[in-house]
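Participant: Build me a model:
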Amino acid sequence: MTVMRGATGYGRGAGAYARVGVESGVMSANPHQLIVLLFDGALASIRAARIQMQAGNIAEKGRSISKALDVVNNGLAAALDAERGGEVAERLASLYDYVARLLLSANLHNDEKSLDEAEALLEEIATAWREIGGQTPDG
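Facilitator: Numbers count the residues shown, from 1 in each chain. Presented below is the predicted three-dimensional model:
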């Protein structure tokens, strides 16, 4: 039997605990809350990428940016309903495409300003989305 000790054991345990918390949150979330979770995930990945970029850890920076891109492209953009959302959905789709291009540029050129801009744009939309959630019956 192997016993994990020190920071390594704690880190693995904390990571497993966080995954359970996230999975539980996703399972109990309504559609509006799921979008909030997507924004939170993208923003957390961008912040992690910035830390890794500043530390010179290129591989981890790339992984974090890839996670953010995945959330933006396969989560936020994919959740848009062009039929019901009309012009708002079209504008969000364009904005998500721009954010994805910023993230790609940040990764390719180690450009922290592109990360900052992507984070600011997503944070602005996320804030508005959270405010809308307080006004809906199931939010």
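
Participant: List the buried residues of stretch 81-96.
Facilitator: Neighbour-count burial for stretch 81-96 flags A89, L92, L95, Y96 (criterion: 16 or more other CB atoms under 10 Å). C-beta: built from backbone N, CA, C; applies to glycine.

Participant: what does stretch 47-61 give?
Facilitator: Of the residues in stretch 47-61, those buried (16+ other CB under 10 Å) are A48, A49, R50, Q52, M53, K61.

Participant: And for stretch 120-128?
Facilitator: L122, I125, A126.

Participant: Can you tell me what sits against that stretch?
Facilitator: Contacts with stretch 120-128, where a contact means CB atoms under 8 Å, 6 or more residues apart in numbering, come from V36, F39, D40, A42, L43, I46, V72, L92, L95, Y98, V99, L102.

Participant: now stretch 47-56
Facilitator: 58, 60-61, 64-65, 68, 106-107, 110, 112, 115-116, 119.

Participant: Now, of those residues, which are buried?
Facilitator: With burial judged by 16+ other CB under 10 Å, the buried subset of the contacts of stretch 47-56 is K61, S64, I65, A68, A106, N107, L115, E119.

Participant: picking that back up, just the buried ones from the contacts of stretch 120-128, in PyMOL syntax?
Facilitator: PyMOL command restricting these to the buried ones, with burial defined by 16+ other CB under 10 Å:
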select buried, resi 36+39+40+42+43+46+72+92+95+99+102
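
Participant: will you turn the contacts of stretch 120-128 into a markdown table that also has distance to R130 and secondary structure?
Facilitator: Output for the contacts of stretch 120-128, formatted as a markdown table (distance: CB to CB, whole Å; DSSP: H, G, I helix; E, B strand; the rest coil):
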| residue | distance to R130 | secondary structure |
| --- | --- | --- |
| V36 | 6 | helix |
| F39 | 8 | helix |
| D40 | 10 | helix |
| A42 | 14 | helix |
| L43 | 12 | helix |
| I46 | 17 | helix |
| V72 | 17 | helix |
| L92 | 15 | helix |
| L95 | 17 | helix |
| Y98 | 21 | helix |
| V99 | 18 | helix |
| L102 | 22 | helix |
